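Asks: Model the following, please.
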Amino acid sequence: MRITLPPAEAVHDLCVVGAGPVGLSLALEAADAGLHVLLLDSGTEASGRKDKPVALRHRDTIVDEERHAPELQTQRAGIGGASWMWGGRCVTYEPVDFEKRDYIPDSGWPIGFSDIAPWRPKAQEYLDCGAGGFAADDPDWEGLGELRMSQLERWARQPKLGPRLGAAVLAHPRIDVLEGAHVVGLDFSDDGSALHGLRLLHHGEPATLPVRRCALAAGGTETVRLLLAAQRELPDAFGGVDGPLGRYYMGHATGSVAEIVLDDPADFDVLDFHRDEHDSYTRRRFSLPGDALTRHELLNTSFYLDNPPFYEHEHKNPTLSAVFLALAFAPVGRRILAEGIRLRHIGPRPRHYGAHILNVLRRPFRAIADSLDILRWRYLSRVRKPGFLLRTDNGRYAIHYHAEQIPNPDSRLTLDGGTNPDGTPTLRIDFRYTDQDIDSVLRFHALLDERLRAARRGRIEYLDPPERRAAAVWAQSTDGFHHIGTTRMSAEPGDGVVDVDCRVHGVDNLYIASSSVLRTSAEANPTFTAVCLALRLAHHVAEVAGAETVAAADEATARVG
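Replies: From the prediction side, this is the model:
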């Protein structure tokens with residue numbers, strides 16, 4: 001239920017800061033485990049609306065704007081958080097993603113895949129992506145060798161999670177929600193071993209909130225902002241001022257630098273979106289199992305079919321041009337897609353509007369029919385179709401890659417000396433790719449081409465000559481949507497920020513629930529695995545709280561005796 005400011009003493013077992021997919025899932029699971037939970041939602045502060053997310057406005061410095069999207073495109077506050085901009089793709093990390101790989105520096109987790117596996121079904125329930133698994137039988141494509149087509153991505157039936165999960169949170173008898181509560185600072189004990197409370201702007205007014213236990217679920221940059229600010233007063237905390245906090249900032253390398261040509265155009269059916277028996281959409285991808293990745297020293301990567309870029313009028317497709325024109329008209333396009341995705345689809349200037357109009361006029365009825373079909377299944381259906389892929393007669397499609405980055409300590413967030421209007425410090429965002437990230441993408445394309453040709457199923461045709469392909473991958477390498485690694489998990493304090501239970505090293509009652517605790521980026525979008533870890537955290541905190549209650553009762557009994 002919604003509450004006003006709690007009393008001066010901490011009365012909740014757990015305070016969750018952040019109401020995005022991870023924070024909502026954590027709050028619900030912890031409450032179901034018996035904890036009395038306080039959820040802080042900052043999103044109503046600016047708008048007063050319960051159904052509208054709030055863009056976070058900061059004065060941060062992005063060192064390389066070609067590599068990192070503007071923050072207004074990547075973050076939202078409010079019930080549902082960044083899910084208001086989310087496509088809904090749910091992909092699980094695999095066993096290899098947790099393993100130490102000698103060719104990937106700073107890889108290897110202190111936990112394994114078995115530690116998240118039990119929480120996957122519940123995470124699927126919270127994210128509403130169907131009850132099926134993440135693997136299917138390989139199709140009968142002989143000759144692919146180690147290449148596999150069994151890996152599935154699942155899609156949330158309605159990716160804007162605020163209305164459904166938010167309603168569940170507000171209705172839960174053991175969850176209180178404090179709206180308009182923007183955390184601007186953390187109050188620690190003098191030695192930094194315990195978090196005493198949170199400094200808030202509650203609907204713009206300063207307030208202090210005591211806490212027993214706190215989980216920061218405010219995202220990979222906002223959580224780091226709070227910890228870096230605290231580190232100015234506690235320079236030895238979180239691994240020290242030049243330690244792991246804010247480092248290893250990762251996302252993914254993603255884009256398309258080639259086309260796939262299927263020998264049999266009917267093979268398209270295997271690689272299209274499918275609505276499964278669990279009433280959710282899935283899609284197959286090309287990938288490699290862990291042992292093959294290690295043998296070839298490749299970063300984890302998946303490939304899937306895609307349409308040609310909407311903005312390239314040379315495709316002559318009336319439907320793609322109609323979609324381009326709709327997206328290019330900002331008032332319409334921004335209602336269809338999140339701004340960062342919209343800008344990627346409409347491409348760089350100059351934009352050839354006249355050529356796209358001619359494409360539509362060549363086959364207007366086809367464009368209208370396809371557009372109505374897209375509108376029906378993507379925007380009017382109870383189960384939202386995650387995208388559309390237009391079938392071609394010649395079996396030619398763009399081949400899209402989604403690739404892991406290596407953990408790079410020089411890719412990092414630091415304070416830049418400025419101050420935001422809310423009094424929090426501004427960040428210097430130095431997000432980087434490496435030559436190894438780019439090289440792995442190109443070598444994986446070559447392997448995919450080799451296996452497709454060997455199986456007589458198709459081939460890869462590059463858009464650029466060999467000497468320009470690396471530059472093409474570099475040109476598309478941008479992220480900032482997947483905030484991975486900045487508070488990474490480690491067995492030892494000097495190597496990360498949180499321990500195996502997502503507790504901040506050296507702080508008894510502070511936890512982090514975020515994609516920022518992920519130690520490697522894998523090829524998977526991070527939300528699903530972050531939710532799995534949050535559910536695991538909920539039960540850990542419930543066990544800790546239960547043990548403390550028993551200990552307190554035993555102490556009271558001993559005093560009476």
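Asks: Every contact and neighbour count from this point should use C-alpha atoms.
Replies: Fine.
Asks: For the residue lying closest to Phe481 once chain neighbours are set aside, grab the count of nearby residues.
Replies: If the residues on either side of it in the chain are set aside, Phe481 comes closest to Thr74, at 5.1 Å by CA to CA, 6 or more residues apart in numbering. Close neighbours of Thr74, defined as other CA atoms under 10 Å, add up to 21.
Asks: residue contacts, Thr74?
Replies: Applying CA atoms under 8 Å, 6 or more residues apart in numbering to Thr74 gives the contacts 82, 85, 340, 480-481.
Asks: Okay, now the unreliable bits of this protein?
Replies: 7-8, 44-53, 550-561 (pLDDT under 70).
Asks: So what touches the longest strand seen in it?
Replies: Once the chain is assigned using DSSP state E, the strand that runs over the most residues is strand 252-262. Under the contact criterion CA under 8 Å, 6+ apart, strand 252-262 has outside partners 268, 305, 394-405, 437-438, 457-464, 469, 472-473, 476-479, 482, 521, 523.
Asks: Direction included, what does it pair up with?
Replies: strand 396-404 (antiparallel), strand 458-462 (antiparallel) (DSSP bridges).
Asks: and the shortest one, how far out from the chain's middle?
Replies: Averaged C-alpha coordinates place strand 458-462 at 30 Å from its chain's average position (CA atoms, centre = their mean, to the nearest Å).
Asks: quick one on the thing from earlier: pull out the buried residues from the contacts of strand 252-262.
Replies: Buried members of the contacts of strand 252-262, counted by 16 or more other CA atoms under 10 Å: 268, 305, 395-405, 437-438, 457-462, 469, 472-473, 476-479, 482, 521, 523.
Asks: Reformat the strands paired with strand 252-262 as CSV; add distance to His182.
Replies: Output for these, formatted as CSV (distance: least, CA to CA, whole Å):
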stretch, distance to His182
strand 396-404, 33
strand 458-462, 48
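Asks: burial of Thr4, as a residue count?
Replies: 12.
Asks: Look at it and tell me its secondary structure.
Replies: Assigned with DSSP: H, G, I helix; E, B strand; the rest coil, Thr4 falls in the coil class.
Asks: And for Gly197?
Replies: strand.
Asks: show me what contacts it?
Replies: 186-188, 208-211.
Asks: Ala338 versus Phe431, what's the distance?
Replies: According to CA to CA, to the nearest Å, Phe431 and Ala338 sit 21 Å apart.
Asks: And the two? Which one has more around it.
Replies: When Phe431 and Ala338 are compared for neighbours, Phe431 comes out ahead with 25 against 16, by other CA under 10 Å.
Asks: give me phi/psi at that one?
Replies: As for Phe431, its main-chain torsions (degrees, to the nearest 10) stand at phi -90, psi 130.
Asks: That one reaches Arg67, doesn't it?
Replies: Yes: Phe431 is in contact with Arg67 according to CA atoms under 8 Å; the separation is 6.7 Å.
Asks: which residues do the two both contact?
Replies: Common neighbours of Phe431 and Arg67, using CA under 8 Å, 6+ apart, are Gly480.
Asks: buried ones in the helix or strand where Thr414 lies?
Replies: Assigned by DSSP states H and E, Thr414 belongs to strand 412-419. Under the neighbour-count criterion of 16+ other CA under 10 Å, strand 412-419 has 412-415 buried.
Asks: mind listing what Tyr353 touches?
Replies: Leu325.
Asks: So what does it look like in phi/psi?
Replies: Dihedral angles (degrees, to the nearest 10) for Tyr353: phi -60, psi -40.
Asks: That one and Phe481: what is the separation?
Replies: Distance from Tyr353 to Phe481, by CA to CA: 29 Å.
Asks: and what of Arg157?
Replies: Taking CA to CA, one finds Arg157 at 21 Å from Phe481.
Asks: Output stretch 185-200 as PDB, restricted to C-alpha atoms.
Replies: C-alpha atoms of stretch 185-200 as PDB (Å, rounded to 0.1, in the frame of the first residue of the first chain):
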ATOM      1  CA  GLY A 185      22.700  10.000  -0.200                       C
ATOM      2  CA  LEU A 186      23.600   7.100   2.100                       C
ATOM      3  CA  ASP A 187      24.400   7.500   5.800                       C
ATOM      4  CA  PHE A 188      26.900   5.000   7.100                       C
ATOM      5  CA  SER A 189      28.400   4.300  10.500                       C
ATOM      6  CA  ASP A 190      31.800   6.000  11.200                       C
ATOM      7  CA  ASP A 191      33.700   2.900  10.200                       C
ATOM      8  CA  GLY A 192      31.400   2.200   7.100                       C
ATOM      9  CA  SER A 193      30.400  -1.300   8.400                       C
ATOM     10  CA  ALA A 194      26.700  -0.600   8.500                       C
ATOM     11  CA  LEU A 195      24.200   1.600   6.600                       C
ATOM     12  CA  HIS A 196      22.200   3.600   9.100                       C
ATOM     13  CA  GLY A 197      19.800   5.400   6.800                       C
ATOM     14  CA  LEU A 198      19.000   7.100   3.500                       C
ATOM     15  CA  ARG A 199      18.900  10.800   2.700                       C
ATOM     16  CA  LEU A 200      15.800  11.600   0.500                       C
END
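Asks: Distance to Ala258 added to the buried residues of strand 412-419, as JSON lines?
Replies: What follows is those, written out as JSON lines (distance: CA to CA, whole Å):
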{"residue": "Arg412", "distance to Ala258": "31"}
{"residue": "Leu413", "distance to Ala258": "33"}
{"residue": "Thr414", "distance to Ala258": "36"}
{"residue": "Leu415", "distance to Ala258": "39"}
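Asks: pretty sure Gln405 is touching Asp435, no?
Replies: No: with contact defined as CA under 8 Å, Gln405 and Asp435 do not form a contacting pair (10.2 Å).
Asks: Which neighbours do these two have in common?
Replies: Counting by CA under 8 Å, 6+ apart, nothing touches both Gln405 and Asp435.
Asks: Can you tell me which helices and strands the host helix or strand of Glu153 packs against?
Replies: Under the criterion of DSSP H and E, Glu153 resides in strand 152-155. In this structure, strand 152-155 makes packing contacts with strand 89-90, strand 281-284, judged by 3 or more CA pairs under 8 Å, 6 or more residues apart in numbering; DSSP states H and E.
Asks: now for the ones you listed, which one comes closest to Lys100?
Replies: strand 89-90 (24.0 Å; CA to CA).
Asks: List the buried residues for the helix or strand just after that closest one?
Replies: Moving toward the C-terminus from strand 89-90, the next helix or strand (DSSP H and E) is helix 95-98. Across helix 95-98, burial judged by 16+ other CA under 10 Å covers 96-98.
Asks: same check, this time on stretch 239-250
Replies: Neighbour-count burial for stretch 239-250 flags 239, 243-250 (criterion: 16+ other CA under 10 Å).
Asks: repeat for stretch 430-440
Replies: 430-433, 437-440.
Asks: Can you tell me which of those end up in helices?
Replies: Secondary structure from DSSP state H places 437-440 of these in helices.
Asks: Rebuild these as JSON lines, extending it with distance to Gly23.
Replies: Formatted as JSON lines, these follow (distance: CA to CA, whole Å):
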{"residue": "Asp437", "distance to Gly23": "31"}
{"residue": "Ile438", "distance to Gly23": "33"}
{"residue": "Asp439", "distance to Gly23": "36"}
{"residue": "Ser440", "distance to Gly23": "34"}
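Asks: Contacts only, for Leu533.
Replies: 116, 119, 513.
Asks: sorry, back to before: for the helices and strands packed on strand 152-155, which one ends up most surrounded?
Replies: strand 281-284 (a mean of 25; mean count of other CA atoms under 10 Å).
Asks: for whichever helix or strand comes after that one, the distance to its chain's centre please.
Replies: Of the helices and strands lying after strand 281-284 in sequence (DSSP H and E), the nearest is helix 290-296. Remark: helix 290-296 is offset 25 Å from the chain centroid, using CA atoms, centre = their mean.
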